[in-house]
Structures are given as structure tokens and as C-alpha cells.
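1. fold the following, please.
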Amino acid sequence: MNKLIFANLVHRPLRSLISVIAVAIEVIMILAIVGIFMGMLNDQKARTNGIGADLMMRGSNASNMNGAGAVSMPIKFAGPLSKLPHVIVVSPAATSLVTSGNIEIIWGIDYPTYNALKPFVYISGEPANGASPFKNTYDVIVDDVFANHKNPATGKNYALGDTVNILNTDFHICAIVESGKGGRKRIPIETLDQLIGAPAQASIFYIKVDDPANDEAVIDEIHSTPGLADYPVQTIQEWLSEMTPEKMPGFNIALRSVTCIAVIVGFLVIFQTMYTAVLERTREIGILKSMGASKSMIVTVILRETAVLALAGLLLGIAGTFVVRYGMLHFTTLQFQITGIWIAQGSAIAFGGSLLGALYPAWMAARKDPIDALAYE
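-> Sure, this is the predicted structure:
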């Protein structure tokens, strides 16, 4: 029976190959959307947690994702915030979402206070005596993830002094630091405000307190300060707890939509393949039934052929997902996360959809009358 199954698949190589590729595409679609979403989400969490702040105050119209809110708070808020009891450092930051070319968030920082939250770890360009590496208006600090990509102008990895285009303006790399502390590209906050037309404004204030036990007391003090009562303030840990797929608007909807499309693609291709195969093998089915093959045996043959195609598609799809991941990490700064759980879930969904697509052709084959099948031309 195994020889019969593989002989049937090899006898129609192109059709079998198309079915395998369809299942592989189904797996890649599911794993890729999950990998990109989860990679971006977890990377954002890690880099925000690495800033070193205890609290964050954002604009009243800001969403949970950094950079999604408008640059709407005056930088001068840092003055009254820094005078509150238990507050050690207040650092204003501005963010701007860039969608031309690579989708990324550009950060504008006040270097002295931002570095005071948690000092940068320099790879190159570290200034002496803790001074700011920003010497000119159009200087930029980049992290090692960005620097490890090729500079189109030189064909080599980015280095100190190289030019980076940000918001249609040329910036020069003044320092390269370890990743994990906010954005990948950081420019002076005054420069970003000038480029986006929001002078002396911030998107967010990062606040460091003397003891995490005083977080709630500081939040109460902020909301008691005139002019600051309407601005949401939360601890970094509270923010991190909200950065989950269940609490991110649209995440599960997008995932379900892609999964449904992928399953439909796989289902239709497998259905068409096995339906056509049953029609072409009518005489073969008649011979099997005349030799005593039961309906369940005929169904089993069809489903086992489908299982072989699906399994080959799963292996190809998983391998293809890692190829996509390599390309994403090699050519962009986006993170792509693949987990064993989602490989198992995506494979189960694709495999189940393939078998479902073969059920009707298998049932149709099992119902064929052996006499009619033998007489089929």
C-alpha cells in the first residue's frame, strides 16, 4: 500500500509539487506574521525596559506603543517633575514614526538626562568625561544592530562619521552603542522637534525614582501637580504587562485573518489536487474495490497521500520561514521571533486544513461502484 501511495504521487510530480508548495506557503504565512509581530513586540518591550526608567508619563492621546502618540507635551514639564519628592531623573524624549523606506521610530533625546537613567554602553565614539557625543545639530547615535547592516554608500557596515538619512536630512554617526536602550537611532530632541515642526515638545517623560517602593507616591504627586493631572503615568512594569497580543489592538484580528487566508489557500489546492486525482484514478479505484478493498481502505489511501503531501509541505514551510527570518534580520532591523510552540501550532493548522481538503474527494472515491469504475474510460 505504501508503494502504491508513493507511486501515485511520483506519477504526477508537478501536481504533487504544487500541493507541497501550497502547504509550505500556508505555513510560512502563519509563522511569518506571528514571528514579525512577536519579534517587534518583544523587542519593543526589551528596549523600553532597558532605558532604565521606573515611570513613564505620556500624552493624553498616546497609545501603548512608543511613537504612536503625538509630540504634545512641553519639555518644560521636566522642571516641576524633577522637583517632586523621590524623583532622581526626568528625561524628556520625542519620537516620530517614519514609514518611508523602512518602518521605524526615530528618537529625539536629551542626552544628559537620558544617559543618567542608565548609561549607554559604547562600542565606539565614547566621549571623554561623560560628555555628550552630540557635537553638532545633525549628529546621530546608532545601536550595534543598525550599525551591523551594510551602508549602501560604502558597502561596509556603518561606522563613525558615516551619513544616515533621517527625515530627508543627512545625519552623521557620532557614536555606536549596544542595543537594548530605546530606539536604534537617537538624535538631539531639539533637532527632531525642529524637523517635525513641534518646537520644545516631548512625546514622553521617563522618570527614575529613588526606590521602586515610592512609584505610587510619585504618581500621586504628579497627578496633584497643577497642569499634569490629565496625563497618564504608569510604571514600566505596568506598561510591560500590557504589551501582550491579547491587549494589543488588532493583533489577534490580523493573526486570525492571515491564518484563515492561509488555510483557505491550502484547503483549495489540496481539494483540487485530490479531487482531480480521484477522477483520473477511477479505474484504479475500481480494481481495488473489486479485489475486496473496503470504503475505509479507499479513504485511508487518499488521506495518506494527502498526509505525505502535507508533511512535505510542512517541512518545506518551516525551512522557508527560517530563510525569511534570515533575510529580515540580514537586510532590516526588524526582529523576527520563531518559537517551537508556534511552529507546532502553525504545522497543526496547515496539516489539519490539508486533511480537511481531502475529505470530500476521499468520500467520493469510497462511494464509487466497482463495476462502473472498471467500465470508466
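
2. where do the helices sit along this structure?
-> 2-11, 13-49, 78-82, 111-117, 144-147, 189-196, 215-224, 236-242, 251-280, 282-290, 295-331, 340-366, 370-374 (DSSP state H).

3. could you tell me the least trusted of the ones you listed?
-> With a mean of 53, helix 370-374 has the lowest mean pLDDT of these.

4. wait, what's in contact with S124?
-> Going by CB atoms under 8 Å, 6 or more residues apart in numbering, S124 touches 159-160, 175-176. C-beta coordinates here come from the backbone N, C-alpha and C atoms, glycine included.

5. ChimeraX command to pick out the buried ones of the residues you listed?
-> Here is the ChimeraX command that selects the buried residues among those (16 or more other CB atoms under 10 Å):
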select :175,176
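
6. make CSV out of the contacts of S124 and add pLDDT and distance to N115.
-> As requested, the contacts of S124 are exported to CSV (pLDDT from 0 to 100; distance: CB to CB, whole Å):
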residue, pLDDT, distance to N115
A159, 94, 22
L160, 95, 18
A175, 96, 11
I176, 96, 15
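
7. which of the contacts of S124 sits closest to E126?
-> E126 lies nearest to A175 out of these, by CB to CB, at 6.8 Å.

8. who does that closest one bridge with?
-> Note on A175: beta-bridge partners I141, judged by DSSP bridges.

9. so it is in contact with D144, correct?
-> No - A175 lies out of contact with D144 (CB atoms under 8 Å); the separation is 11.0 Å.

10. ok, K247 - how many residues close by?
-> Neighbours of K247 under the rule other CB atoms under 10 Å: 11.

11. do the same with H86
-> Neighbour tally, H86, other CB under 10 Å: 16.

12. could you do I173 as well?
-> 23.

13. looking at it, it is touching Y138, isn't it?
-> No - look at I173 against Y138 with CB under 8 Å: they stay out of range, at 10.7 Å.

14. how is this structure divided into domains?
-> 2-42+250-374, 60-231 (automatic domain parsing).

15. strands along the stretch 101-250 of the chain, start to end?
-> 104-109, 122-124, 139-143, 163-166, 169-177, 185-188, 201-202, 204-209, 233-235 (DSSP state E, counting those that start in this stretch).

16. a markdown table please, covering these and showing distance to V87.
-> Formatted as a markdown table, the strands of the stretch 101-250 of the chain follow (distance: least, CB to CB, whole Å):
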| stretch | distance to V87 |
| --- | --- |
| strand 104-109 | 18 |
| strand 122-124 | 27 |
| strand 139-143 | 25 |
| strand 163-166 | 31 |
| strand 169-177 | 25 |
| strand 185-188 | 23 |
| strand 201-202 | 16 |
| strand 204-209 | 6 |
| strand 233-235 | 12 |
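
17. V89: which of these is closest?
-> Of all those, strand 204-209 comes closest under CB to CB, at 4.2 Å.

18. tell me the strands beside that closest one, with direction?
-> In the sheet, strand 204-209 lines up with strand 55-58 (antiparallel), strand 87-98 (antiparallel) (DSSP bridges).

19. now distance to L255 and mean pLDDT too, for those strands, in JSON lines please.
-> Putting the strands paired with strand 204-209 into JSON lines (distance: least, CB to CB, whole Å; pLDDT from 0 to 100) gives the following:
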{"stretch": "strand 55-58", "distance to L255": "26", "mean pLDDT": "92"}
{"stretch": "strand 87-98", "distance to L255": "22", "mean pLDDT": "92"}
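
20. low pLDDT regions in the stretch 101-250 of the chain?
-> Low-confidence segments of the stretch 101-250 of the chain, defined by pLDDT under 70: 101-102, 248-249.

21. go with 90
-> The stretch 101-250 of the chain contains residues with pLDDT under 90 at 101-105, 128-130, 149-155, 180, 182-183, 198, 226-227, 229-230, 238-250.

22. to L240, which of the strands paired with strand 204-209 lies closest?
-> Among the strands paired with strand 204-209, the nearest to L240 by CB to CB is strand 55-58 (10.7 Å).

23. what are the buried residues along that closest one?
-> For strand 55-58, by 16+ other CB under 10 Å, it's 55-58.

24. what is the most widely separated pair among those?
-> Farthest pair in the buried residues of strand 55-58 (CB to CB) is L55 and R58. Separation: 10.5 Å.

25. run through who's touching stretch 12-26.
-> Outside of stretch 12-26, the residues within contact range by CB under 8 Å, 6+ apart are 9-10, 262-263, 265-266, 269-270, 273, 276-277, 309-310, 312-314, 316-317, 320, 349-350, 353-354.

26. how about a cut-off of 6 Å?
-> The contact list for stretch 12-26 (CB atoms under 6 Å, 6 or more residues apart in numbering) reads 9, 262, 265-266, 269-270, 273, 309-310, 312-313, 316-317, 320, 350, 354.

27. ok, so of those, who is nearest A128?
-> Nearest to A128 among the contacts of stretch 12-26: G320, at 49.4 Å, using CB to CB.

28. need the contact list for the nearest residue to that closest one once chain neighbours are set aside.
-> Take G320 and drop its neighbours on the chain: the residue closest to it by CB to CB, 6 or more residues apart in numbering is I28, 4.9 Å away. Contact analysis of I28 by CB under 6 Å, 6+ apart lists 317, 320-321.

29. fine by me, we can end here.
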